[in-house]
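Trainee: just the structure for this:
(chains A and B)
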2 protein chains.
Amino acid sequence: MAKKKNNPKEKLQELGKRVSSDIKKNKNPNIDVPIRALSNVSYDKRNKILVMGDKIAKRFFFNVAHAKKFMQTLEIAAISKKLIQEGKHASLRDVFYMAKRTIPSTKVNIVDEQPESDSIIEDLELVTENSRELLNINANKNGSIAGSVVVEDRGDRIDWSKMGSGGWSIPSNVEDIKFLKVNAKYVLYMEKAAVWERLHEDKFWDKQKCIIISSQGQTTRGIRRLLQRLNKDYQLPIYVLTDMDPWGIYIYSVLKFGSISLSHLSEKLALPSAKYLGITVDDIKNYKLDKHLIKFKDKDSSRLSQISKYEWFKDNKEWQRQFKMMKEMNAKAEIQALSSRGISFISEKYLPEKIKKKDFLD
Amino acid sequence: MAKKKNNPKEKLQELGKRVSSDIKKNKNPNIDVPIRALSNVSYDKRNKILVMGDKIAKRFFFNVAHAKKFMQTLEIAAISKKLIQEGKHASLRDVFYMAKRTIPSTKVNIVDEQPESDSIIEDLELVTENSRELLNINANKNGSIAGSVVVEDRGDRIDWSKMGSGGWSIPSNVEDIKFLKVNAKYVLYMEKAAVWERLHEDKFWDKQKCIIISSQGQTTRGIRRLLQRLNKDYQLPIYVLTDMDPWGIYIYSVLKFGSISLSHLSEKLALPSAKYLGITVDDIKNYKLDKHLIKFKDKDSSRLSQISKYEWFKDNKEWQRQFKMMKEMNAKAEIQALSSRGISFISEKYLPEKIKKKDFLD
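Mentor: Numbers count the residues shown, from 1 in each chain, chains lettered A, B, ... in the order given. Have a look, this model is predicted:
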């Protein structure tokens, strides 16, 4: 939710006023932009999230190296302000096309490629202290949700327990959703839509009093914000269910600790209390899945080696034990391997048992 | 919906009874499997869909070349029958893991890789004359929908006009959905979720009395069946909105005419009356998008050349004209290029104008 002190429209107006005041005073207009680079990102051990340092760069209008980026920053700030005024939301791609125009009486485009406008949008997140969603610029849309929860969104009352087999389709921007009723003990997030459909058909969320959420592959920002709001506002624990492979573990890593490129948003996106439920290497033995291991390819081994060196995993004995066993096994396993034990083994045995025993990785 | 004459469970039982009757008569048990290969697929000009010929192969138990596939067929038929009996649905990946077990007292697995079980599932679609969804085996889940429509699904009453910003999440299997109210003049299907969010925010479906559906990329079978049911049962025209590139045109091609690999399901999946709304090469000029063309890469050119030779496009003058112009332009364009004309240009000008003029490709 937009907090009054950080009202995005006011923040954008402030930016404009500072620049026009500089111009009136015959000063070289400039914008303070915090530096988004590895050199300015560190892992905060106490809060268990990636955080951004306080290094700031000044972006000047009268500076050959800065002038284009300065202009792009003001252009995209203007687009965002217009969107907020009109109450409309645009995708990153839309913003790129809206900014891609020729500067009058020149042949120079304001932006030529989308990475330019994307980068400015991330700058503006820092300059205005507002996430891109609050600047009315949306990320990708993906994922489904079900549970004993009622929300209000765009004037509609939506009951996540009455969505048939499909569930509610998660929007890219969840900032304006109001929770009217939340009746759940925890949230289970899974990387695969097919697993979500399995649990939904088995009424897992009803039997276990939980909320089930899935994307397909990487977690969208909409889902991350939704998980964070359920975690912060309703103290619901978040459990993560992915394949046992470096890509599944990376999904968990980004969800829990944040990512380098979005470290300035860790507070809004990271979930330091999230737990990894599975699939773990121990599950392979405990649930007799060894026949369903899939041999590592080179890219799996090298990715695993990278992840095992992450600062937040480096000193974590339990995770290092997993990485070591996975390396020795030289193999990965999928969530769906559990189906070899019976189609509803996952919802009737595996998940209830692991959750009851609190058999998680932190 | 399952028709009585093709009841999937009865069809599976018939298959089992034929085999056991052969065994009792000391005959070599066999199964008739229609041939799924290019040699047995043709384009039906009159009905405008890809159809399967009547070539059939006999799969024998006592035949070294057939024995393994024969066994796989019976195993997967048994899995499907069990799913139907239990009222549960499995994904292709689940079925693979359920079938992947060692034959007792041997070291041979019934299936080793998923393509083996996938192929048998397609055989069973033919043998039982039922789509995989009716055999309780689901495809991928993806996509969102909104419109003035009320459906009943798993006992829930779902109003597609009251789904907030997210919309209803489309299930992988839509066979059991009942339509309670359909208030729409047409259906607009688009390949991009971001465009769907744009139209939904602008209440396009409400203003235009239509239904809006999106996936992300290729259309899922669930979406194709949903479109077909809305088209057949409610006579709603289907309009398709994709990028102007060979991949967008291919999405339209599969949706309208069917695909070679699923030609046996054309009747259930193809939409011969679907129309291509855009983005067309003419739109580039008419809507001043020429500054937003993206140069073809080699793979774009070669894909375009392949598609232009498809039997259903070969004699279509309008499409050939588009292909020729696109080739000369040597460039493609995205739906979102319309945002360069204003964030709601697509919903306020482009779409209403094109639909009013019936400016479609067939």
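
Trainee: use CA for all of it now, contacts and neighbours both
Mentor: Will do.

Trainee: distance-wise, check A:Ser305 relative to chain B.
Mentor: 27 Å (CA to the nearest CA, to the nearest Å).

Trainee: so that residue belongs to a helix, correct?
Mentor: Yes: under DSSP: H, G, I helix; E, B strand; the rest coil, A:Ser305 falls within a helix.

Trainee: can you give me the neighbour number for it?
Mentor: Close neighbours of A:Ser305, defined as other CA atoms under 10 Å in any protein chain shown, add up to 15.

Trainee: also A:Leu265?
Mentor: Residues near A:Leu265, counting by other CA under 10 Å: 22.

Trainee: so is it in a helix, a strand, or just coil?
Mentor: helix.

Trainee: please name the nearest non-neighbouring residue to it.
Mentor: What sits nearest to A:Leu265 in space, not counting adjacent residues and going by CA to CA, 6 or more residues apart in numbering or on different chains, is A:Ser131, at 7.1 Å.

Trainee: just say helix, strand or coil for the one you found.
Mentor: Under three-state DSSP, the three-state class of A:Ser131 is coil.

Trainee: what's the distance between it and chain B?
Mentor: From A:Ser131 across to chain B, the span is 18 Å (CA to the nearest CA).

Trainee: repeat that for A:Tyr234.
Mentor: For A:Tyr234, the distance to chain B equals 21 Å [CA to the nearest CA].

Trainee: pretty sure A:Asn222 is touching A:Ser172, no?
Mentor: For the record, residue A:222 is Gly, not Asn. Yes: counting by CA atoms under 8 Å, A:Gly222 touches A:Ser172, with 4.7 Å between them.

Trainee: and for these two, which residues touch both?
Mentor: Common contacts of A:Gly222 and A:Ser172 (CA atoms under 8 Å, 6 or more residues apart in numbering or on different chains): A:Ala139, A:Asn140, A:Lys141.

Trainee: neighbour-wise, which of those residues leads?
Mentor: In those, the most neighbours by other CA under 10 Å go to A:Lys141, 26 neighbours.

Trainee: report the contact partners of that one.
Mentor: Taking CA under 8 Å, 6+ apart, one finds A:Ile170, A:Pro171, A:Ser172, A:Thr220, A:Gly222, B:Ala193, B:Ala194 in contact with A:Lys141.

Trainee: for these, which one is nearest A:Ala337?
Mentor: Distance to A:Ala337, by CA to CA, is smallest for A:Thr220 among those, at 25.2 Å.

Trainee: would you mind listing what in the stretch 1-150 of chain A touches chain B?
Mentor: Counting by CA under 8 Å from any CA of the partner chain, the stretch 1-150 of chain A comes close to chain B at A:88-91, A:93-95, A:97-100, A:140-144.

Trainee: give me the residues contacting the longest helix that chain A contains.
Mentor: Using DSSP state H, we find that the single longest helix of chain A is helix A:67-86. By CA under 8 Å, 6+ apart, the residues outside helix A:67-86 that reach it are A:9, A:12, A:16, A:30-31, A:59-61, A:89-90, A:95, A:98-99, A:110-111, A:117, A:120-121, A:123-124, A:135-137.

Trainee: make it 6 Å
Mentor: A:Phe61, A:Ile120, A:Leu135 (CA atoms under 6 Å, 6 or more residues apart in numbering or on different chains).

Trainee: perfect, that will be all.
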